[in-house]
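Student: when you get a sec, could you give me coordinates for this:
(chains A and B)
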Amino acid sequence: MQEASNLNPEKNLRLSGSSEITPSGGGVAFLLHLADNALILSQRNSEWCGHGPILEQDIAITNISLDLLGQARNFYQYVAQLINENAGISLAPKAAPSGENLTVASEDSLAYLRTEREFKNCLLVEQPNGDWAQTILRQFFFTAYQFYLYQHLQNSKDEQIAAIATKALKEVTYHLRWSSEWVIRLGDGTAESHERMLNAIDELWSYTGELFEAAGYEFPLIAEGIAADLLFIKDKWQAKIEEIFMEATLPLPVNTFMHQGGKEGLHSEHLGYILAELQYMQRTYPGSEW
Amino acid sequence: MTVIQNNLFQDTGITEQKIWDVLSMVTDPEVPVLSILDLGIVREVIIHNQNAGENILSVEIIITPTYTGCPAMDMISMNIKLAFLEKGYKNIIITSVLSPAWTTDWMSEAGKEKLKAYGIAPPQLNPAGLHKGRMEKLFKEEKNIGCPLCNSINTRLISQFGSTACKALYQCNDCKEPFDYFKCH
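Tutor: The predicted structure follows:
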């Protein structure tokens, strides 16, 4: 693990019940996958801050960013706790890992001090914002996936994952509603907005297949009832996409080649640029605090 | 961890009632008319007796975030500690829990009145069942949200997302005033 940066050590996280995850298994990788998805999409959406098409939608997209950042923080905090417990480090509420060479994991070290290959987010969330149509469609594809995933994870055998999913699902419901409405508004809008949605589908569809391909670390967790059966989620996701696309007068793409690799750490070139911006301050001034 | 019986408070002068009294003075940074008790953020107070030679008490305050990414939570934690420091209590531990997930059902009636007086329409519906229906009614909005200024229910939704995660933007069709609505959640 990397050095601790500036995690607020006074924050005391209480797990919601017994943890079923052992750090040596795939649990940490799976949790990082969930966290990285949320963090990277949050970062992408936040690029709209101050640039939204109208003020209300600028506020909406940054609200969604904030919700996603909150999810990421919950998962990273949980991972950090698991890693530290496994290393025999028990953080008293006030024991600050102050600058010394303490190898303490924290939500900050996980977000700011890992490299591209260590990030396990899907390729979809790191794709560029493009125009408003492309940002909307990326959000819709991802949110629909997250909606059914979290519905499933509410019953995860791991009680902390279940608690985070239950909490986040309430907010993801807003995201799904908002992005569904926008897909319909643009798809069934003007000739130009319709065309922009078609272009967005062309750009993004081939990144949706990966959402439903289990990574190596997920298989044992699915068997144990910790992670979700992705085929089950895929059916619901497809039905939702069909329903909204039909209302939006948009064609459903036929099956094409699907990119994958993000969940295992093999990313498109975009992620490096995202991390360069996201991690710049901690890399340049290690341990700096806001 | 022990949930302490009343007789242990007496040594230091801390009583459970005093703890709740101090907490009732801590307000939400975004909606300063509401205390964190009005919001239902404080879930539990536990007094720990750490008998390490001398009788040291610490108080654990268990809080839950309203929204997953609510940035006010760190400030609320700090404000709780400061409020207790002012009263001379140092050993305050803030613990954040996620389950059960916060709901506007936990907001006090007094809190709803204060919100309205402050110009924010309080949550009006019972959230139970709302989330199920929310996806089936695209482009529909919560109806009959009363304008906090003129009390008209002839209002319309401008945006589901407002100045903070917990609020939506509405406008009154009668007095034309735009206002925040504290969403049912």
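
Student: now the residue in chain B that chain A sits nearest to, nearest residue through space, not along the chain?
Tutor: Nearest residue of chain B to chain A: B:Gly69, at 2.5 Å (CB to the nearest CB). Where you see a C-beta, it was placed from the backbone N, CA and C, and this is true even at glycine. The shortest distance from B:Gly69 to any non-neighbouring residue, by CB to CB, 6 or more residues apart in numbering or on different chains, is to A:Gly70 (2.5 Å).

Student: correct me, but that neighbour touches B:Thr66?
Tutor: No: look at A:Gly70 against B:Thr66 with CB atoms under 8 Å: they stay out of range, at 10.5 Å.

Student: tell me which element the residue in the stretch 101-250 of chain A that chain B sits nearest to is part of?
Tutor: Nearest residue of the stretch 101-250 of chain A to chain B, counting by CB to the nearest CB: A:Ala163, 3.8 Å away. Element membership for A:Ala163, per DSSP states H and E: helix A:159-187.

Student: and the next helix or strand along the chain from that helix, what's buried?
Tutor: Downstream of helix A:159-187, the next assigned helix or strand under DSSP H and E is helix A:191-204. Neighbour counts using 16 or more other CB atoms under 10 Å in any protein chain shown place A:Ser193, A:His194, A:Arg196, A:Met197, A:Ala200, A:Ile201, A:Glu203, A:Leu204 of helix A:191-204 among the buried residues.

Student: state the number of residues packed around the residue lying closest to A:Asn121 once chain neighbours are set aside.
Tutor: Leaving out its chain neighbours, the residue that sits closest to A:Asn121 by CB to CB, 6+ apart is A:Asp36, at 3.8 Å. A:Asp36: 27 surrounding residues under other CB atoms under 10 Å in any protein chain shown.

Student: for the nearest residue to A:Val79 once chain neighbours are set aside, give its distance to chain B.
Tutor: In space, and not counting its chain neighbours, A:Val79 is closest to A:Leu31: 4.8 Å by CB to CB, 6+ apart. With distances taken as CB to the nearest CB, to the nearest Å, A:Leu31 is found 14 Å from chain B.

Student: confidence score at A:Leu31?
Tutor: According to the prediction, A:Leu31 has pLDDT 97.

Student: tell me the contacts of it?
Tutor: Neighbouring residues of A:Leu31 by CB atoms under 8 Å, 6 or more residues apart in numbering or on different chains: A:Ile21, A:Phe75, A:Tyr78, A:Val79, A:Leu82, A:Ile161.

Student: can you pull out the strands in chain B?
Tutor: For chain B, applying DSSP state E gives strands covering B:42-52, B:54-63, B:92-96, B:120-121, B:155-159, B:167-172, B:178-182.

Student: out of these, the one nearest A:Gly26 is which?
Tutor: Closest to A:Gly26 of these is strand B:92-96 (CB to CB; 26.4 Å).

Student: given the closest one, what are its sheet partners and their directions?
Tutor: Neighbouring strands of strand B:92-96 in its sheet, by DSSP bridges, are strand A:12-13 (parallel), strand B:54-63 (parallel).

Student: distance of the nearest residue to A:Asp58 once chain neighbours are set aside relative to chain B?
Tutor: Of all residues not flanking A:Asp58 in the chain, A:Gly52 sits nearest, at 2.6 Å (CB to CB, 6+ apart). When distance is defined by CB to the nearest CB, A:Gly52 is 11 Å away from chain B.

Student: ok, A:Gly52 - contacts?
Tutor: Residues near A:Gly52 by CB under 8 Å, 6+ apart: A:Asp58, A:Ile59, A:Ala60, A:Ile61, A:Thr62.

Student: ok, and the most crowded of these?
Tutor: Highest neighbour count within the contacts of A:Gly52, by other CB under 10 Å: A:Ile61, with 26 neighbours.

Student: quickly find the element holding that residue.
Tutor: A:Ile61 belongs to helix A:55-86, assigned by DSSP H and E.

Student: quick one on the thing from earlier: would CSV of the buried residues of helix A:191-204 with distance to chain B and pLDDT be doable?
Tutor: CSV is the format used below for the buried residues of helix A:191-204 (distance: CB to the nearest CB, whole Å; pLDDT from 0 to 100):
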residue, distance to chain B, pLDDT
A:Ser193, 16, 98
A:His194, 18, 98
A:Arg196, 20, 98
A:Met197, 16, 98
A:Ala200, 19, 98
A:Ile201, 20, 98
A:Glu203, 24, 96
A:Leu204, 21, 97
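
Student: return the member of those nearest to A:Lys157.
Tutor: A:Leu204 (32.9 Å).

Student: ok, that closest one - contacts?
Tutor: Counting by CB under 8 Å, 6+ apart, A:Leu204 makes contact with A:Leu124, A:Gln127, A:Gln134, A:Leu137, A:Arg138, A:Phe141.

Student: in a helix, that's where the fifth one is, yeah?
Tutor: Spelled out, that is A:Arg138. Yes: under DSSP: H, G, I helix; E, B strand; the rest coil, A:Arg138 sits within a helix.

Student: if I look at it, how far off is A:Ser193?
Tutor: Distance of A:Arg138 to A:Ser193, given as CB to CB, to the nearest Å: 16 Å.

Student: likewise for the first one?
Tutor: Plainly put, A:Leu124 is 22 Å away from A:Ser193 if you go by CB to CB.
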